[in-house]
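Undergrad: need a 3D model of the following:
(chains A and B)
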Amino acid sequence: MSATTDPPKDGFQLSQLIYDTRYRSMTIQIVALVLFLLGVGWLLNNAAQNLAALGKPLSFGFLGEAAGYDINQKLIEYNNQMSHGRAALVGVLNTLLVAVLGCILATVLGVVIGVLRLSNNWVVARLMTVYIESFRNVPVLLWIVLTMAIFIESFPAPRAFRGENASASMSLWDSVALTNRGLYIPKPELYSGSTAVIVVFLLSIVGIFVFGTWSRKRQEATGQILPNFWIKLAIFFVPTLLVYFILGRPIGLELPELKGFNFQGGIYMRNSLIALTLALGLYTAAFVAENVRAGIMAVSKGQSEAAFALGLSPNRTMNLIILPQALRVIIPPLISQYLNLTKNSSLAIAVGYMDITGTLGGITLNQTGKEMECLLILMAIYLAISLLISSVMNWYNESVKLRER
Amino acid sequence: MSDTHAQTVAYVRETMLPEQAPPSTAAGPIKWMRDNLFSSVLNTVLTLLSVYFLWVVLTLVLPWVWYGSWTASSLKECREAVAGLGLAHGAACWSVIGERYLQLIYGFYPDELYWRANLAFILMLVALAPVLYPNLARKILWFSALYPFVAFWLLWGGTLWTPVVAVAGFVFAYLAFEILNRTAGSLVAVIAAILAPVVWWLLLAGPVSNGLASVMPLAIEPVESAKFGGFMLSIIIGVTGIAMSLPLGILLALGRQSDLMIVKAICVGFIEFIRGVPLITLLFVASTLLNYFLPPGTTFDIILRVIIMVTLFASAYMAEVVRGGLAALPTGQYEAADALGLDYWKATRLITMPQALKISIPGIVSTFIGLFKDTTLVSIIGLLDPIGLTTNIRADSNWNGIVWELYGFIALIFFIFCFSMSRYSMYLERKLKTGH
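TA: Predicted coordinates for the structure are as follows:
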């Protein structure tokens, strides 16, 4: 057999750019890059021309101007004389507030529901299935407006609490008022000496961790196991309560009271905040429950059987064998549910909760007419939050990855 | 041993005893209840709590639903009629649904043209059938490919030449590829196949379509986009979004998986950007900003703009789903395809992509369910999807203040759609399972 390939030609020919696999990928990439840059350039050029024609040069100066509108839900000082930038900051904090509250609610509910769905109790398992399917198959926006409607339509107005024969009454020993304007809960009041209680409380939390480390070392050295849970519980409660009563109860509660047409005092949680948190939390909980269920089912039965064969108690089997394996499956989708919840919180605009979409993307945009700038900042903020959350997820994934040889 | 031993035994039973029924506590409903409802103290408590909860909810909801009024013509009249029943929590006013269900389905689409929307919907089912049930005749797929143009014509109306001219672009692309592939080589053919339709659509399609229409109109009554609404709008946006995002998502996934660094960077940047921002900001872009990025003077339809943004949004998610499928394939599949001497596109088309798509079916369907639910967001930018229409209906003084009936009805319809889709995905998963 003679050689079937042509002898390589000397020098570089232009056709090699296409037909030679050594260079072809380079050619494709350069063509793609040029086309991409041309496309982006075309879009930006159009935008520049259009903005110039409308007399709206790209500038972010409006962020420093007075906003002129009020925000009813705020975590930091704000009034309508402050700048649009400050209003946007208030909005970001409101977004984060509802996201954090929603995530906590979704996690707690989701874990409980996911575990109960696996329960061998027929009624409970069916009930949880119904919950999960009905929340997953109906749009979150509908849940949000529905929850808001429940607040406005079904709860009594503050004036229903008034008078001798009031038609509504406060719950939990007259400390909590649930009205159609929102929820009024007691607010802790600090008297002199309260600092000591707080310091002792923080110290006891540190103490719990110190005890945990010491107990683990002791177990590794001697093999003896202490009743860790009860000791930790004692460290959590006993010192703080002791100091609290010795100092004469320096922390009290300021109860909400009906004055005039509305409640005064206490902490006021606006109905839009509660409705949004509840709706997002309940909706996301259905997804979290499915993740939890998948995670628990992913741990094969042999694992728990092996643990029992080794003589581990059911508690320790759960803590040492099943949970570490299940969490590896549960946590990544859980974090992406947190991400979804944070992005869904932008639907706050439907119930009038002033999150970042409501301030920067809503009123500020309409007042200043700076669509391009407002939306750019808005997207950048959400992108930053998302990238932050997903980098946490990547870091976690990396840390729990099975080390394969 | 045993036979000697047997002699010493006084009595040996030689016939089998008849089988006896298990004790009543170990069979039938009692055993089932003991196992499933009352197996432990905790379970008993949970069961009782759940039953109590069900009792409370059902006694509240069922009478409300059942005794609802179907005849009242306004909320006030309905409240009066219902008050006579003496129910603790009143009853529903279903007459609002009876009066407005056509609006919730079709929006403000002209009544006499409902048949066109209905026809488009039925044809959609026909077009979807070969995709959903692979056993059907493959020839229907040609209809599926043509369906978008037919549906566009049916829904928006106007002259038939617009969709025909649009289809002609694809025909030209095919012809250019076929002819040049034989004469001038594949590269030239591919470039020509891309350029020919672009030139056609941008420069020639408009005049040709106008010219043909002036000779022979073949037009049906046009309907403007502002009249679209209700579930029809949700379905249009959802189905178009998903159909267009699947190919785009596949390309993005391939780009993200490829070795070409620049292509990969572009794809990753796009996917992560889209996935990082909420859909509502993209819809704001569609409603306020998209026209800025097009040549001065262009304005086009809001529904089209929304569909474009929704497609981009869904394609990023689709890309991640498909990428998951590609990543789940064993490396051996890629290596085997290479060993057979298949080039990249052939290997992708024949070996890896079919398997990857099969793995990602649940993900694709749940992306679709998510997208369909997300179409409700267009109500925030002022389109009249079902949720947007509730505001409209409440603006009518007859129905001012009605809440539960409308939301309940919309939720029910969404539930039916989404739940049946998720069941379908489970069916498909079982069917395509080739493992043991």
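
Undergrad: every contact and neighbour count from this point should use C-alpha atoms.
TA: OK.

Undergrad: does residue A:101 touch residue A:277 like I think?
TA: Yes. Under the contact definition of Cα atoms under 8 Å, residue A:101 touches residue A:277, with a separation of 6.5 Å.

Undergrad: more neighbours: which of the two?
TA: residue A:277 (27 against 17; other Cα atoms under 10 Å in any protein chain shown).

Undergrad: can I assume the more buried one sits in a helix?
TA: Yes. Assigned with DSSP: H, G, I helix; E, B strand; the rest coil, residue A:277 falls within a helix.

Undergrad: excluding chain neighbours, what is closest to it?
TA: Distances taken as Cα to Cα, 6 or more residues apart in numbering or on different chains place residue A:102 nearest to residue A:277, at 5.0 Å, with adjacent residues excluded.

Undergrad: which element is the most centrally placed residue in chain B on?
TA: The structure's chain B has its C-alpha centroid closest to residue B:368; by Cα atoms, centre = their mean the separation is 4.0 Å. Following DSSP states H and E, the helix or strand that holds residue B:368 is helix B:361-374.

Undergrad: the helix or strand that residue A:274 is a member of - what's its average pLDDT?
TA: Remark: residue A:274 resides in helix A:271-298, with elements defined by DSSP H and E. Regarding helix A:271-298, the rounded mean pLDDT is 91.

Undergrad: could you do stretch B:228-238 as well?
TA: For stretch B:228-238, mean pLDDT rounds to 90.

Undergrad: with only the CA atoms kept, save that stretch in CSV.
TA: Coordinates of each C-alpha in stretch B:228-238 appear next as CSV, following Å, rounded to 0.1, in the frame of the first residue of the first chain:
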residue,chain,number,x,y,z
PHE,B,228,-56.0,40.2,22.1
GLY,B,229,-56.4,39.0,25.7
GLY,B,230,-57.4,36.4,28.2
PHE,B,231,-56.1,32.9,28.1
MET,B,232,-55.7,33.2,24.3
LEU,B,233,-53.0,35.7,24.9
SER,B,234,-51.3,33.5,27.5
ILE,B,235,-51.4,30.5,25.2
ILE,B,236,-50.0,32.6,22.2
ILE,B,237,-47.1,34.0,24.3
GLY,B,238,-46.4,30.7,26.0
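
Undergrad: next up, the contacts around the residue in the stretch 101-250 of chain B that chain A sits nearest to.
TA: Here the stretch 101-250 of chain B gets closest to chain A at one residue, residue B:187, 8.8 Å apart by Cα to the nearest Cα. Listed by Cα atoms under 8 Å, 6 or more residues apart in numbering or on different chains, the contact partners of residue B:187 are residue B:181.

Undergrad: so which bits of the helix or strand containing it are buried?
TA: Counting by DSSP H and E, the secondary-structure element that holds residue B:187 is helix B:186-199. Buried residues in helix B:186-199, defined by neighbour count with 16 or more other Cα atoms under 10 Å in any protein chain shown: B:189-190, B:192-194, B:196-198.

Undergrad: for chain A, what are the nearby residues on the stretch 301-436 of chain B?
TA: Residues of the stretch 301-436 of chain B that fall close to chain A, judged by Cα under 8 Å from any Cα of the partner chain: B:369, B:373-374, B:376-377, B:380, B:387, B:403-404, B:407, B:411-412, B:414-415, B:418-419.

Undergrad: if we use 10 Å, what do you get?
TA: In this structure, the stretch 301-436 of chain B approaches chain A at residues B:369-377, B:379-380, B:386-387, B:401, B:403-404, B:407-408, B:410-422, judged by Cα under 10 Å from any Cα of the partner chain.

Undergrad: could you pick out the buried ones from these?
TA: When neighbours are counted using 16+ other Cα under 10 Å, those contain these buried positions: B:369-377, B:379-380, B:386-387, B:403-404, B:407, B:410-411, B:414-415, B:418-419, B:421-422.

Undergrad: what sits against the closest residue to residue A:329 other than its chain neighbours?
TA: In space, not counting the residues next to it along the chain, residue A:329 is nearest to residue A:295; the distance is 5.1 Å by Cα to Cα, 6+ apart. Residue A:295 makes contacts with A:114, A:289, A:322-323, A:325-331, A:333, as judged by Cα atoms under 10 Å, 6 or more residues apart in numbering or on different chains.

Undergrad: rerun at 7 Å
TA: For residue A:295, the contacting residues are A:326-327, A:329-330, by Cα atoms under 7 Å, 6 or more residues apart in numbering or on different chains.

Undergrad: following the strand or helix carrying residue A:252, which helix or strand shows up next?
TA: Using DSSP H and E, residue A:252 falls within strand A:251-254. Taking DSSP H and E as the definition, the helix or strand that follows strand A:251-254 towards the C-terminus is strand A:257-259.

Undergrad: in terms of secondary structure, what does that following strand contact?
TA: Packed against strand A:257-259 by the contact rule (3 or more Cα pairs under 7 Å, 6 or more residues apart in numbering or on different chains; DSSP states H and E) you find strand A:262-264.

Undergrad: do you have the strands of chain A handy? List them.
TA: For chain A, the strands defined by DSSP state E occupy A:177-179, A:182-185, A:187-190, A:251-254, A:257-259, A:262-264, A:267-270.

Undergrad: buried deepest among those, which one?
TA: For those, the largest average neighbour count (mean count of other Cα atoms under 10 Å in any protein chain shown) is found in strand A:177-179, namely a mean of 23.

Undergrad: ok, that one: who's next to it in the sheet?
TA: Strands flanking strand A:177-179 in the sheet, each with its direction: strand A:182-185 (antiparallel) (DSSP bridges).

Undergrad: convert the C-alpha atoms of the partner strand to CSV, please.
TA: The C-alpha coordinates for strand A:182-185 follow below in CSV (Å, rounded to 0.1, in the frame of the first residue of the first chain):
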residue,chain,number,x,y,z
GLY,A,182,-51.5,44.9,58.4
LEU,A,183,-50.2,43.2,61.5
TYR,A,184,-49.4,44.9,64.7
ILE,A,185,-47.2,43.0,67.1
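
Undergrad: identify all contacting residues around that strand.
TA: With contacts defined as Cα under 7 Å, 6+ apart, strand A:182-185 is touched by A:175-178, A:256, A:266-271.

Undergrad: avg pLDDT for it?
TA: This predicted structure assigns strand A:182-185 an average pLDDT of 78.

Undergrad: now swap in stretch B:170-181 and tell me
TA: Per-residue scores along stretch B:170-181 average to 84.

Undergrad: go on, stretch A:214-234?
TA: If you average the pLDDT over stretch A:214-234, you get 85.

Undergrad: picking up where we left off before, which of the contacts of strand A:182-185 lies closest to chain B?
TA: residue A:271 (17.1 Å).

Undergrad: my guess is that closest one contacts residue A:179. True?
TA: No. Between residue A:271 and residue A:179 there is no contact under Cα atoms under 7 Å: 8.4 Å.

Undergrad: what residues does the stretch 1-150 of chain B put near chain A?
TA: Where the stretch 1-150 of chain B comes near chain A, counting by Cα under 7 Å from any Cα of the partner chain, the residues are B:36-37, B:43, B:47, B:50.

Undergrad: can we see that at 10 Å?
TA: By Cα under 10 Å from any Cα, the part of the stretch 1-150 of chain B that sits against chain A consists of B:32-40, B:42-44, B:46-51, B:53-54.

Undergrad: which of the residues you listed are buried? Put it as a ChimeraX command.
TA: If you want just the buried ones from those in ChimeraX, going by 16+ other Cα under 10 Å, the selection is:
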select /B:34,35,36,37,38,43,44,46,47
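
Undergrad: which stretches of the stretch 1-150 of chain A form helices?
TA: For the stretch 1-150 of chain A, the helices defined by DSSP state H, counting those that start in this stretch cover A:16-19, A:21-54, A:84-117, A:122-136, A:140-154.

Undergrad: show me the contacts for residue A:84.
TA: For residue A:84, counting by Cα under 10 Å, 6+ apart, the contacting residues are A:61-69, A:90, A:359-360, A:363-365, A:368.
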